[in-house]
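Colleague: Could you work out the structure for the sequence below:
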Amino acid sequence: MLKKTLYLAVLACLFLTGCFLGADGGSMDSRDAGGIEFGDEPVQESPVLPPEDVYRQATVAAVGDIMVHRTQYVRAYNPQTGHYDFRPSFEAIASYLQEADLVVGNLETTFGGEMRGFSAYPRFNSPDGIALALQEAGFDLLCTANNHCLDTGEKGLYRTIEVIEETGMKHFGTARNREERDSPLIVEVNGIKLFFLAYTYGTNGLPIPKGKEYIVNLLVEEQMIADLAGARRQGADLVILYLHWGEEYCSEPSEGQKRLARVAAQAGADIILGSHPHIIQPMEYITVPGEQGVEKRVFVAYSMGNFLSNQHRVEGSISTDEVEFGKILYLHLEKNVNTGEAYLRDVNYELTWVNRDDKHRILPLNSVFDEGSKGHVALSAALVGRLKRDGERLQERLKGFEQAAPRMTVPVGAAK
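Modeller: I've put the predicted structure just below:
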């Protein structure tokens with residue numbers, strides 16, 4: 001009886017054990033509440049990687065003074081059509097401009113209309129045909145704030161804006177009303193929002209109509225600072241500032257230019273482009289305090305020289321051949337889409353020369369020395385020698401910039 005009882009007890013134990021043990025000796029439910037099998041390694045979730053940075057790029061081509069003297073419009077006139085054709089001036093340089101996504105220059109003349117009579121220095125009034133030639137060459141924007149913007153009066157200033165707009169280009173620096181003056185030119189290029197502002201030191205003594213001071217942006221520091229701050233508030237990625245300043249025919253920037261550049265940089269400008277001296281002046285980066293204690297580097301080209309004109313050395317008036325030269329500045333911009341940070345990534349340039357004896361054709365200076373180059377008339381050996389010496393002097397003037405700021409890969413604009 002005892003053996004039978006023990007036998008039944010052993011059977012009961014075996015039965016109960018079978019209820020809790022599986023065939024492999026594990027628990028009846030071999031997973032815990034988290035679904036992980038006992039004896040297995042815990043499942044590791046893949047780490048969440050930050051999104052890969054996405055960048056957008058854009059290139060702006062900028063040039064200096066665009067002027068039309070009497071010799072230019074006389075030669076541009078076609079008596080058979082009765083029109084002024086300035087396109088030959090840009091035939092050799094257009095492809096260099098069109099490498100960029102956006103092209104901008106300083107229009108140092110007015111379109112007051114043929115009824116006024118065309119004229120040059122000291123009060124410029126040019127045929128509308130130059131606007132069409134600029135647009136066909138690749139220009140998108142024209143700065144109109146300079147000392148000649150009132151050469152044909154208030155009405156001429158308004159008409160100049162209208163002619164520019166009729167060609168499909170845009171302007172900045174002058175305005176027809178206060179609302180236009182208070183609305184900076186905003187251009188979005190490849191997803192980068194650019195604000196353009198421009199100011200001039202004066203209007204050659206020509207009075208601005210009372211109560212209409214808004215039609216010309218004078219270089220008044222307080223107003224410039226306020227406008228730069230406004231551009232930042234409106235979400236500018238980068239602010240490009242044209243300043244008409246300095247001394248004519250001086251190869252170095254004045255102390256006043258340097259001081260104003262620093263004021264503008266501290267107020268929010270990212271790129272400062274100068275005009276008025278009519279010859280090329282040095283370029284540099286200046287460093288100012290930026291947002292959140294981060295230093296900001298601002299690019300300054302104190303003068304880009306003459307892109308188009310009939311200026312040349314004149315005894316007792318213009319003492320240098322350098323008025324024949326200008327440059328195309330290529331401003332390579334970049335924006336980090338993830339962070340919103342935009343900056344000037346790199347700058348390079350192409351020196352240019354105006355051949356006054358060949359339809360005022362603007363030539364890349366390097367092409368003058370290339371015997372196989374086409375697109376311009378043959379030049380004398382003496383002239384080529386002089387151009388080479390002038391070009392070497394200009395490159396030497398810009399050499400310090402090249403050494404101090406090689407192709408850049410670090411942001412120089414303000415962090416957003």
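Colleague: from the chain's centre, how far out does the helix or strand hosting residue 348 sit?
Modeller: Element membership for residue 348, per DSSP states H and E: strand 342-355. The gap between the average C-alpha position of strand 342-355 and the chain average comes to 10 Å, counting by CA atoms, centre = their mean, to the nearest Å.
Colleague: For residue 306, see how far away residue 356 is.
Modeller: 11 Å (CB to CB, to the nearest Å). Placement of C-beta: from N, CA and C, glycine included.
Colleague: and for those two, which residues touch both?
Modeller: residue 324 (CB atoms under 8 Å, 6 or more residues apart in numbering).
Colleague: Apart from its chain neighbours, what residue comes closest to residue 261?
Modeller: Leaving aside its chain neighbours, residue 261 sits nearest to residue 300 (4.8 Å; criterion: CB to CB, 6 or more residues apart in numbering).
Colleague: on that earlier part again, any idea which helix or strand comes after the strand holding residue 348?
Modeller: Past strand 342-355, the next helix or strand by DSSP H and E is strand 361-364.
Colleague: which residues in the stretch 201-350 of the chain form helices?
Modeller: 221-233, 255-267 (DSSP state H, counting those that start in this stretch).
Colleague: Identify each buried residue in the last one, please.
Modeller: By neighbour count, and taking 16 or more other CB atoms under 10 Å as the criterion, the buried residues in helix 255-267 are 257, 260, 261, 262, 264, 265, 266, 267.
Colleague: now do the first one
Modeller: Using 16+ other CB under 10 Å as the burial criterion, the residues of helix 221-233 that qualify are 224, 225, 227, 228, 230, 231, 232.
Colleague: phi, psi of the residue nearest to the fifth one when sequence neighbours are not counted?
Modeller: Looking back up the chat, that one is residue 230. Excluding the flanking residues, the one nearest residue 230 by CB to CB, 6+ apart is residue 184, at 7.3 Å. Dihedral angles of residue 184 (phi, psi; degrees, to the nearest 10) stand at phi -60, psi 150.
Colleague: Then residue 79?
Modeller: Dihedral angles (degrees, to the nearest 10) for residue 79: phi -60, psi -20.
Colleague: Tell me the pLDDT of it.
Modeller: Residue 79 is assigned 94 on the pLDDT scale.
Colleague: Burial check on it, number of neighbours?
Modeller: 6 (other CB atoms under 10 Å).
Colleague: just checking, residue 168 touches residue 136?
Modeller: No. When contacts are counted by CB atoms under 8 Å, residue 168 is not listed as touching residue 136 (10.2 Å).
Colleague: re earlier: now the buried residues of helix 221-233 as TSV including distance to residue 76?
Modeller: Output for the buried residues of helix 221-233, formatted as TSV (distance: CB to CB, whole Å):
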residue	distance to residue 76
224	36
225	41
227	36
228	38
230	40
231	37
232	42
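Colleague: Return the residues in contact with residue 60.
Modeller: Applying CB under 8 Å, 6+ apart, the residues near residue 60 are 100, 101, 102, 103, 104, 189, 194, 240, 330, 331, 333.
Colleague: Out of those residues, the closest to residue 72 would be?
Modeller: Closest approach to residue 72 among these (CB to CB): residue 103, at 20.2 Å.
Colleague: Now do the contacts for that closest one.
Modeller: Neighbours of residue 103 in contact, by CB under 8 Å, 6+ apart: 60, 61, 62, 63, 97, 137, 138, 139, 140, 141.
Colleague: ok, and the closest non-adjacent residue to the third one?
Modeller: With sequence-adjacent residues excluded and distances taken as CB to CB, 6+ apart, residue 62 is closest to residue 329, at 4.6 Å.
Colleague: Can you give me the neighbour number for the one you found?
Modeller: 22.
Colleague: what does the one 5 residues further on give?
Modeller: Taking other CB under 10 Å as the neighbour definition, residue 334 ends up with a count of 21.
Colleague: pLDDT below threshold where in this protein?
Modeller: 1-50, 371-376, 400-416 (pLDDT under 70).
Colleague: angle of the helix ranked longest in the chain against strand 342-355?
Modeller: Longest helix of the chain, by residue count under DSSP state H: helix 381-404. Using axes from the mean of the first three to the mean of the last three CA atoms, to 10 degrees, the inter-axis angle of helix 381-404 relative to strand 342-355 is 170 degrees.
Colleague: Any idea how far helix 381-404 is from the middle of the chain?
Modeller: Using CA atoms, centre = their mean, the offset of helix 381-404 from its chain centre is 24 Å.
Colleague: Now do it: which elements does it pack against?
Modeller: strand 283-289, strand 325-336, strand 342-355, helix 365-368 (3 or more CB pairs under 8 Å, 6 or more residues apart in numbering; DSSP states H and E).
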